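**Student:** no sequence on this one, just coordinates:
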């Protein structure tokens, strides 16, 4: 019984860690300069 | 030129509307598994559109109707398209497909030998992404002496079929081209913060079962790395392994594309980043409709290929721009993106 409880606890903790790792986000740096420019007439010739 | 549009959902109905608005298309035949839908779409488009009962055999239905169709646009769910394309090629029709899944795109590319033998064009994946993404990659590549890497990122979905495909892609393994070999990568891995044209801005993108590399690698011989990622929210990722918890929306919000091409010009390594934003179903329909017009005008060589290998990018982007689908270039610190 104790072994079963330990196994369940281990699986639960592993699952929680997996969910946290899967859902964590953030990171990356936005462009510090420059920007988007639409391609217009002269660009498309 | 007469065109068959098979499947008139969010994309197909707009393909038909785009074609009817162009004078080089004389007639548009509308096929769909729903008699009510095909009839109502045809009625809304005026006298140049006609509903046709294509059932599972569009080529037979075209022949029975005595219609001289040159090009067929397939806008059905992706998994139906390879068999429909095979039937239409056998009946001597050019085909433009909107398939956006790896199995469907692979099956369609396998029809290359048959299409070439019959002297017919089979355009594979003519949508927003893939499709416009391939044209942007081709245009960016033209600015280099040689291309080393292509990285594509998608944001947003079009109609319900596109939303289902987006959901399925997030639980399917990604397909990357790395060091001149195919590699399968776990879904949801490889998080990258990509910056799309405004107003979308930054979004976390992940590996998913996207067909872009399948279409781009044959078009750029010698390219060493091609990857594709898809923007996803926490909820998208958490529920990716489950059935869709609610019905997909009839129409997606604004979506975006970002195509980064790295290569060499004048012996220097450089990076070009192109992008686009639009409502994905609208842009996809314009790309598919324009591809059909180009095929009908004889501007596309026989064979089964993606748009990167099928069209001349600048004139195609020019025609798209005239139809309201506009691309953008990032100017500035591309390395920090």
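**Tutor:** Nice, I can see it. Predicted model, so just to flag it, every value in this text is computed and none were measured.

**Student:** show me the contacts for the residue nearest to residue B:174 when sequence neighbours are not counted.
**Tutor:** Spatially, and ignoring its direct neighbours in sequence, residue B:174 is nearest to residue B:207 (3.4 Å; CB to CB, 6 or more residues apart in numbering or on different chains). Placement of C-beta: from N, CA and C, glycine included. Going by CB atoms under 8 Å, 6 or more residues apart in numbering or on different chains, residue B:207 touches B:173-174, B:176, B:185-190, B:227-230.

**Student:** So for the strand or helix carrying residue B:42, what gets flagged as buried?
**Tutor:** Assigned by DSSP states H and E, residue B:42 falls within helix B:35-44. For helix B:35-44, a neighbour-count test (16 or more other CB atoms under 10 Å in any protein chain shown) marks B:37, B:38, B:40, B:41, B:42 as buried.

**Student:** burial count for the residue of chain A found nearest chain B?
**Tutor:** Using CB to the nearest CB, the single residue of chain A nearest to chain B is residue A:34, 1.0 Å away. Residues near residue A:34, counting by other CB atoms under 10 Å in any protein chain shown, number 14.

**Student:** and what of residue B:62?
**Tutor:** Residues near residue B:62, counting by other CB under 10 Å: 22.

**Student:** for residue B:218, same thing?
**Tutor:** Residues near residue B:218, counting by other CB under 10 Å, number 16.

**Student:** Check residue B:303 too.
**Tutor:** When neighbours are defined as other CB under 10 Å, residue B:303 has 21 of them.

**Student:** And the closest residue to it other than its chain neighbours, how close does it get to chain A?
**Tutor:** With sequence-adjacent residues excluded and distances taken as CB to CB, 6+ apart, residue B:303 is closest to residue B:116, at 4.8 Å. Using CB to the nearest CB, to the nearest Å, we find residue B:116 at a distance of 30 Å from chain A.

**Student:** Quickly find the element holding residue B:116.
**Tutor:** Going by DSSP H and E, residue B:116 is in helix B:112-118.

**Student:** Tell me the first helix or strand C-terminal of that helix.
**Tutor:** Immediately after helix B:112-118, counting by DSSP H and E, sits strand B:121-123.

**Student:** Disregarding flanking residues, what is the spatial nearest neighbour of the residue nearest in space to the middle of chain B?
**Tutor:** With distances taken as CA atoms, centre = their mean, residue B:127 lies nearest the centre of chain B, 2.6 Å away. Computed as CB to CB, 6+ apart, the closest residue to residue B:127 that is not its neighbour in sequence is residue B:284, at 3.8 Å.

**Student:** Can you pull the phi/psi pair for the one you found?
**Tutor:** phi -60, psi -40 (degrees, to the nearest 10).

**Student:** what sits against it?
**Tutor:** Counting by CB under 8 Å, 6+ apart, residue B:284 has contacts B:11, B:14, B:98, B:126, B:127, B:128, B:131, B:132, B:158, B:162.

**Student:** Serialize these to a markdown table and add fields for secondary structure and pLDDT.
**Tutor:** Shown next, in a markdown table, are the contacts of residue B:284 (DSSP: H, G, I helix; E, B strand; the rest coil; pLDDT from 0 to 100):
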| residue | secondary structure | pLDDT |
| --- | --- | --- |
| B:11 | coil | 96 |
| B:14 | helix | 97 |
| B:98 | coil | 97 |
| B:126 | coil | 97 |
| B:127 | strand | 97 |
| B:128 | coil | 96 |
| B:131 | strand | 97 |
| B:132 | helix | 97 |
| B:158 | coil | 88 |
| B:162 | helix | 87 |
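
**Student:** rewinding a little: which of the contacts of residue B:207 tops the neighbour count?
**Tutor:** residue B:228 leads those on contacts (other CB under 10 Å) with 29 neighbours.

**Student:** How about the secondary structure of it?
**Tutor:** The three-state assignment at residue B:228 reads strand, by DSSP: H, G, I helix; E, B strand; the rest coil.

**Student:** For residue A:41, report the pLDDT, please.
**Tutor:** In this prediction, residue A:41 carries a pLDDT score of 76.

**Student:** Can you give me the neighbour number for it?
**Tutor:** 8.

**Student:** Equivalent analysis for residue A:10, please.
**Tutor:** 10.

**Student:** helix or strand for it, which one?
**Tutor:** Using DSSP H and E, residue A:10 sits in helix A:2-23.

**Student:** Equivalent analysis for residue B:202, please.
**Tutor:** strand B:201-207.

**Student:** Describe which strands that strand pairs with in its sheet and in which direction.
**Tutor:** strand B:192-196 (antiparallel), strand B:225-231 (antiparallel) (DSSP bridges).

**Student:** closest one to residue B:74 among those strands?
**Tutor:** Ranking the strands paired with strand B:201-207 by proximity to residue B:74 (CB to CB) places strand B:225-231 first, at 21.6 Å.

**Student:** tell me how far the closest one is from the chain's mean position?
**Tutor:** Its chain's C-alpha centre and that of strand B:225-231 lie 15 Å apart, by CA atoms, centre = their mean, to the nearest Å.

**Student:** Pull the residues that contact that strand.
**Tutor:** Residues from elsewhere that reach strand B:225-231 (CB under 8 Å, 6+ apart): B:148-156, B:166, B:169-170, B:174-179, B:190, B:192, B:194, B:196, B:203-208, B:210-213, B:216-217, B:220, B:256.

**Student:** Show me those that map onto strands.
**Tutor:** B:148-155, B:174-178, B:192, B:194, B:196, B:203-207, B:256 (DSSP state E).

**Student:** Now do the lowest-mean-pLDDT helix or strand in chain A and strand B:201-207, the angle between them.
**Tutor:** Taking mean pLDDT, DSSP states H and E as the measure, helix A:2-23 is the helix or strand of chain A with the lowest mean score, a mean of 81. Following axes from the mean of the first three to the mean of the last three CA atoms, to 10 degrees, one obtains 130 degrees for the angle between helix A:2-23 and strand B:201-207.
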